[in-house]
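Q: A predicted structure for the sequence below; I have some questions about it.
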Amino acid sequence: MPVSIQLKLQHLLWRAGFGPDTAGWQHWNTLPETAWWPKLKTASAPPPSYFDVADGALKGLFMGVGEVGKMEPRDKKLTDDQKKRARKQSREDLRSLNLIWLEEMVHGKAQLREKMALFWHGHFSSRNINILYQQQLLHIIRSHALGNFGDLLRAVSKSAAMLAFLNNQQNKKQHPNENFAREVMELFTLGRGNYTETDIKEAARAFTGWGFKLNGEFVFRRFFHDTEPKTVLGQTGQFDGDAVLDILLEQRQTARFIARKLYRFLVNEENIPDERIQQLGDRFYDSGYDITALLDAIFASDWFYAPENIGRKIKSPVELWVGLRRTLPLTLDDPEGQLVLQKALGQVLLYPPNVAGWPGGRSWIDSTSLMLRLRLPHIIAAQSDLDISPKDDDDQMMGRQRSKLARRLAVAVDWQPLERAFANTSEPDMIPDLARYLWQLPEANPPLGVLQKHTQAGTKTALIQSAALQLMATPEYQLC
């Protein structure tokens with residue numbers, strides 16, 4: 001079945017960004033198909049601004065902390081009260097960082113960059129309560145999101161957030177710590193099964209001495225480094241950490257591993273042809289790990305727009321919420337209510353569940369989260385309370401007690417962009433046309449009889465608003 005031009009455009013905007021911005025939808029419709037992908041790349045070409053939300057007093061206080069990533073003091077002058085205040089302030093600042101990044105996803109022009117930054121955020125997963133290190137890592141990911149994977153890998157591997165999270169500050173020649181080396185191989189480059197335990201042990205010796213200063217700056221502590229020869233993936237030498245990263249990047253398996261993971265994120269979560277992954281991986285490798293070149297190969301292909309790849313991806317909680325806000329512009333009286341929503345739906349920015357990141361796919365949906373997803377449009381319209389009871393997780397709850405999690409999503413919906421976009425649509429065509437815009441399905445056949453019973457047909461404005469809410473409160477809207 002042929003895919004309509006409109007569905008192709010929406011497909012690209014959802015996969016290479018966070019869905020159509022209703023206010024700019026009519027402009028996109030005037031562009032030829034050949035202009036879509038170049039426009040997305042051009043908008044994401046400028047370097048990102050640095051999100052600096054860390055409290056000034058906290059920055060000064062951290063200078064007296066040793067392993068700040070774990071908030072373990074070495075300075076005996078730092079009191080228990082100072083440590084407590086540092087943790088509290090850092091959590092507050094992490095909430096601010098979460099929300100400022102969320103706003104960039106909603107309103108920023110660099111949709112492609114932020115979508116890829118979300119991918120790398122899950123790939124290079126790090127949980128760390130130090131706001132200084134987290135905002136440094138986020139800037140690294142956003143700055144390199146469309147650049148060179150080798151540069152990104154090296155910058156992340158030398159970041160204080162990752163070195164602290166994976167315990168490499170404790171990796172010394174007298175007592176090698178294998179955690180960092182293992183995750184670099186298993187999760188960041190080769191993938192499980194493409195190395196041996198000996199490779200990990202030898203690589204861990206190469207990474208000895210890698211650490212960071214209190215301000216987050218990378219430092220190589222030569223005194224702690226093992227200078228003896230190591231053998232990693234069949235190569236022997238007096239390797240340091242940079243040499244091991246070079247060896248990992250020399251493996252075509254690394255390029256194929258990244259290509260497969262990115263294909264699952266951007267194209268199809270379940271149908272992943274091995275031959276296509278090999279071709280994409282080899283092109284990625286031959287380009288010298290140019291991330292944009294890999295994206296060119298995906299988004300400029302015919303198979304990307306094939307019916308079997310449209311509407312097959314379950315929106316992550318962040319994709320669902322950001323996409324909804326781009327469809328229906330919202331003014332939030334209490335932006336922090338979005339933190340509760342993220343927790344309830346199972347994806348809190350800056351707090352991945354573990355070093356492997358979010359598993360994605362069907363894991364986003366269970367009986368509780370699905371019911372909340374389906375109720376969400378009406379909760380917004382009615383400004384209702386979020387009736388949820390998240391599990392206790394001090395990190396993801398960001399220092400809050402469960403009793404403080406109840407929030408009202410007090411918002412004002414700006415319906416004008418949607419009303420303008422469908423101003424010339426006749427009443428009989430309204431629900432089908434809205435379905436084609438809101439549902440990412442090759443065949444958008446809404447149950448007209450059911451929907452008409454739950455829509456208000458008194459005026460065109462009432463029809464648009466009520467029909468949009470009904471269509472967004474469906475299982476079909478959970479897909480992109």
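A: Everything's here; your move. Residues are numbered from 1 along each chain as shown.
Q: Give me the pLDDT value at residue 449.
A: Each residue has a pLDDT score; the one for residue 449 is 75.
Q: so what's it up against?
A: The contact partners of residue 449, by Cβ atoms under 8 Å, 6 or more residues apart in numbering, come to none. In this view, the C-beta of every residue, glycine as well, is placed from N, C-alpha and C.
Q: buried residues in the helix or strand hosting it?
A: Using DSSP states H and E, residue 449 falls within helix 448-453. Across helix 448-453, burial judged by 16 or more other Cβ atoms under 10 Å covers residue 451.
Q: ok, now stretch 320-338?
A: So for stretch 320-338, counting by 16+ other Cβ under 10 Å, buried means 320-330, 332, 335, 337-338.
Q: between those, which is closest to residue 469?
A: Nearest to residue 469 among the buried residues of stretch 320-338: residue 328, at 9.0 Å, using Cβ to Cβ.
Q: which phi and psi does that closest one have?
A: The phi/psi pair for residue 328 (degrees, to the nearest 10) reads phi -120, psi 100.
Q: gap between it and residue 427?
A: 21 Å (Cβ to Cβ, to the nearest Å).
Q: Pull stretch 292-304 out as CSV, backbone CA atoms only.
A: Listed next in CSV are the C-alpha coordinates belonging to stretch 292-304 (Å, rounded to 0.1, in the frame of the first residue of the first chain):
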residue,chain,number,x,y,z
THR,A,292,25.4,12.2,10.4
ALA,A,293,26.5,10.0,7.6
LEU,A,294,24.9,7.1,9.3
LEU,A,295,21.7,9.1,9.7
ASP,A,296,21.9,10.1,6.0
ALA,A,297,21.9,6.4,5.2
ILE,A,298,18.8,5.8,7.3
PHE,A,299,16.6,8.9,6.6
ALA,A,300,17.4,9.2,2.9
SER,A,301,16.5,5.6,2.2
ASP,A,302,13.3,4.3,0.7
TRP,A,303,13.0,1.5,3.3
PHE,A,304,12.7,4.0,6.1
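Q: Report the distance from that stretch to the chain centre.
A: From the chain centre to the centre of stretch 292-304 is a distance of 20 Å (Cα atoms, centre = their mean, to the nearest Å).
Q: pLDDT (mean, whole number) over that stretch?
A: Averaged across stretch 292-304, the pLDDT comes to 98.
Q: cool, stretch 50-63 as well?
A: What stretch 50-63 shows for mean pLDDT is 80.
Q: Kindly report the same for stretch 14-32.
A: On average, stretch 14-32 scores 97.
Q: in it, what's buried?
A: Per 16+ other Cβ under 10 Å, stretch 14-32 contains these buried residues: 14, 15, 16, 17, 18, 19, 20, 21, 22, 23, 25, 28.
Q: And stretch 235-249, by the same measure?
A: So, applying 16+ other Cβ under 10 Å, buried residues of stretch 235-249: 239, 240, 241, 243, 244, 245, 247, 248, 249.
Q: I figured the third one was touching residue 157, is that so?
A: Yes. In terms of Cβ atoms under 8 Å, residue 241 counts as a neighbour of residue 157; the distance is 7.2 Å.
Q: Which neighbours do these two have in common?
A: Taking Cβ under 8 Å, 6+ apart as the criterion, residue 241 and residue 157 both touch residue 210.
Q: Cool, thanks, signing off.
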